[in-house]
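# Let's see this in three dimensions:
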Amino acid sequence: MGHVGIVGCGIGGLALAIALRQQDLPVTVFDKFDAPRPVGSGLVMQPVGLEVLAALDCEIGVRALGTQLNRMVGHEADSGRVVLDVNYDKSGVETGLAIHRASLFHVLYQKAHQVGVEIEHGAEIVNREKRRLVYAGGKRTSEFDLIVDAAGASSPLSPLKPRPLPYGAVWGTVPWATGTELPRDELRQCYRRANKMMGILPLGQLPDDPSPIAAVFWSLPLRGIANWEAVELEDWKREARALWPEAQKFLETINSPTDMTPATYSHGQLARPYGDGIVHIGDAAHRASPQLGQGANMALLDALALARAIERGPLNEARERYHRARRMHVWLYQALSRSFTPQYQSDSSVLPILRDHVLTPISHIPPTPRLLSLLVRGKLATPLGDLTHPS
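Residues are numbered from 1 along each chain as shown. Purely as a prediction, here's the structure:
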């Protein structure tokens, strides 16, 4: 096996590079930024993602910066009725971990350097010619034995044409509020029908600051996302406080619309996430809303599955082996995301009624609580198929 070229220095790209270096394979990662930087705010590492990080020898570092998540709770603003209540493993063995994307990136980036991953910064890749990558400006790289597209939702190499979702969100990172009654081991959300949603996610800490932080997110239709920077901030804060008074303390350090980062979402997946000399992983291969909290975990699972497929060899069979191992898990979670998201982010007046008065009661009847726990843990289907164990 020769040289692997990875486009994208994000979570999936770094995880794959680390896993391949653990096999003593030469790897070069190309990143368009001149200095390493993550994009985004908070995320949830599910047990499946934590298992990948353990295999990469990164779990301890990530746990030191994140905070344990034991429960996800959402309530309807007007009635106060709890309409989402998912507990992780009650034994405490398999819980989630909430973390800032910068903290997760920091641990992976440091590990990549430790194991000898070559990272080329300021390298904007715009295309490929067979097994060579093409820089902006036309220069070509040398030939790789395999190219991996881990460039995310804006990948110039992916043929994926996803469907834009009608709702996105704005995200902000704030200090954990002093005096709040919200627990630091739970994701809390508040809804009004499906067209208003606010959430608070505890995040642990940033790499260079031990102060506890949180992510605040606010759901918006696409037109609201486009006009976010022109919003009257005090008007928005009044609306947010009216929706969820308990969240008021978390809004105090948000002083400008630019303190919140807009995010749009899309849905779709490649029927075959590979081609001649290339494999697509993470958001370059499949995209969904963050409603199920699986995005970063799916990228990590893709990375480990591809690394193990390469390890088993030969290389010309690794792409199909990776696809077979991940196909069912990706398909299932894509389908579930497509079903669940409109119940929490849409203009529908019917789906919230179904959610609150039909699905919520069902969610308390066994075995549904256990199935919901498996769902959020990422284990409703075997994540790695026949690549579950290293060769």
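
# Am I right that residue 197 falls within a helix?
No: the assignment for residue 197 (DSSP: H, G, I helix; E, B strand; the rest coil) gives strand, which keeps it out of a helix.

# Tell me the bridge partners for the closest residue to residue 141 other than its chain neighbours.
Excluding the flanking residues, the one nearest residue 141 by CB to CB, 6 or more residues apart in numbering is residue 133, at 4.4 Å. Quick note: C-beta positions are derived from backbone N, CA and C, even for glycine. Bridge pairing for residue 133 (DSSP bridges) gives the partners residue 128.

# ok, residue 133 - contacts?
5, 7, 30, 125, 127, 140, 141, 144, 147 (CB atoms under 8 Å, 6 or more residues apart in numbering).

# Narrow these to those that are buried.
Neighbour counting with 16 or more other CB atoms under 10 Å marks 5, 7, 30, 125, 141, 144, 147 as buried within the contacts of residue 133.

# any idea of the mean pLDDT for the lengthiest strand in the chain?
Assignment by DSSP state E gives strand 209-221 as the longest strand of the chain. For strand 209-221, mean pLDDT rounds to 97.

# Over to stretch 131-143?
On average, stretch 131-143 scores 96.

# Going by neighbour count, list what's buried in that stretch.
With the criterion 16+ other CB under 10 Å, stretch 131-143 contains buried residues 131, 132, 133, 134, 135, 141.

# CA atoms of that stretch as CSV?
Only the C-alpha atoms of stretch 131-143 are listed here, as CSV (Å, rounded to 0.1, in the frame of the first residue of the first chain):
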residue,chain,number,x,y,z
ARG,A,131,-5.1,10.0,-8.8
ARG,A,132,-3.7,13.6,-8.7
LEU,A,133,-5.3,16.5,-6.9
VAL,A,134,-5.5,19.9,-8.5
TYR,A,135,-4.8,23.1,-6.5
ALA,A,136,-6.6,26.4,-7.1
GLY,A,137,-4.3,27.9,-9.8
GLY,A,138,-3.9,24.6,-11.6
LYS,A,139,-0.9,23.0,-10.0
ARG,A,140,-1.1,19.2,-9.6
THR,A,141,0.1,17.0,-6.8
SER,A,142,2.0,13.8,-7.3
GLU,A,143,0.0,10.6,-7.8
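
# Partner strands of the longest strand of the chain and their direction?
With DSSP bridges as the test, strand 209-221 pairs up with strand 167-175 (antiparallel), strand 196-206 (antiparallel).

# Tell me which of these sits nearest to residue 221.
Comparison of the strands paired with strand 209-221 against residue 221 by CB to CB identifies strand 167-175 as nearest, at 5.5 Å.

# Give me the contact list for that closest one.
Contacts of strand 167-175 (CB under 8 Å, 6+ apart): 40-42, 100, 195, 197, 203, 211-222, 225, 228, 250-251, 253-254, 259-265, 289, 345-346.

# Which other helices and strands does the helix or strand that comes right after that strand contact?
Downstream of strand 167-175, the first helix or strand assigned by DSSP states H and E is strand 186-192. Here strand 186-192 touches strand 71-76, strand 196-206, going by 3 or more CB pairs under 8 Å, 6 or more residues apart in numbering; DSSP states H and E.

# and the angle from strand 186-192 to strand 196-206?
Put simply, strand 186-192 runs at 160 degrees to strand 196-206, going by axes from the mean of the first three to the mean of the last three CA atoms, to 10 degrees.

# Which residues does strand 186-192 contact?
Contacts for strand 186-192 (CB under 8 Å, 6+ apart): 44, 69-78, 83-84, 98, 182, 197-202, 243-244, 247, 293, 344, 352.

# is it possible to export the buried ones among the contacts of residue 133 to TSV including secondary structure and distance to residue 389?
Output for the buried ones among the contacts of residue 133, formatted as TSV (DSSP: H, G, I helix; E, B strand; the rest coil; distance: CB to CB, whole Å):
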residue	secondary structure	distance to residue 389
5	strand	27
7	strand	29
30	strand	31
125	strand	33
141	coil	34
144	coil	28
147	strand	27
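
# Pipe those residues into CSV and attach distance to residue 234 per row.
Below are these laid out as CSV (distance: CB to CB, whole Å):
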residue, distance to residue 234
5, 49
7, 43
30, 44
125, 43
141, 51
144, 53
147, 49
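
# tell me how far the helix or strand harbouring residue 110 is from the chain's mean position?
Take DSSP H and E as the rule and residue 110 turns out to sit in helix 101-114. Here helix 101-114 is found 16 Å from its chain centre; the criterion is CA atoms, centre = their mean, to the nearest Å.

# which outside residues touch the very next helix or strand once past it?
Counting by DSSP H and E, the next helix or strand C-terminal to helix 101-114 is strand 118-120. Defining contact as CB under 8 Å, 6+ apart, one finds that strand 118-120 is touched by 9, 26, 27, 28, 29, 30, 31, 36, 112, 113.

# Report the separation between the fifth one and residue 295.
Pointing back at residue 29 there. The gap separating residue 29 from residue 295 is 20 Å, by CB to CB, to the nearest Å.

# same deal with the fourth one?
As judged by CB to CB, residue 28 and residue 295 stand 25 Å apart.

# Who has more neighbours out of these two?
Neighbour comparison, residue 28 and residue 295: the larger count goes to residue 295, with 25 against 19 (by other CB atoms under 10 Å).

# ok so, going back, if you count neighbours, what's buried in the longest strand of the chain?
Quick answer for strand 209-221 (16+ other CB under 10 Å): 213, 214, 215, 216, 217, 218, 219, 220.

# Mind putting those into CSV with distance to residue 64?
What follows is these, written out as CSV (distance: CB to CB, whole Å):
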residue, distance to residue 64
213, 14
214, 18
215, 19
216, 23
217, 24
218, 29
219, 31
220, 34
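
# so where's the stretch 1-150 of the chain shaky on pLDDT?
Scanning the stretch 1-150 of the chain for pLDDT under 70 picks out 1, 38-39, 90-92.
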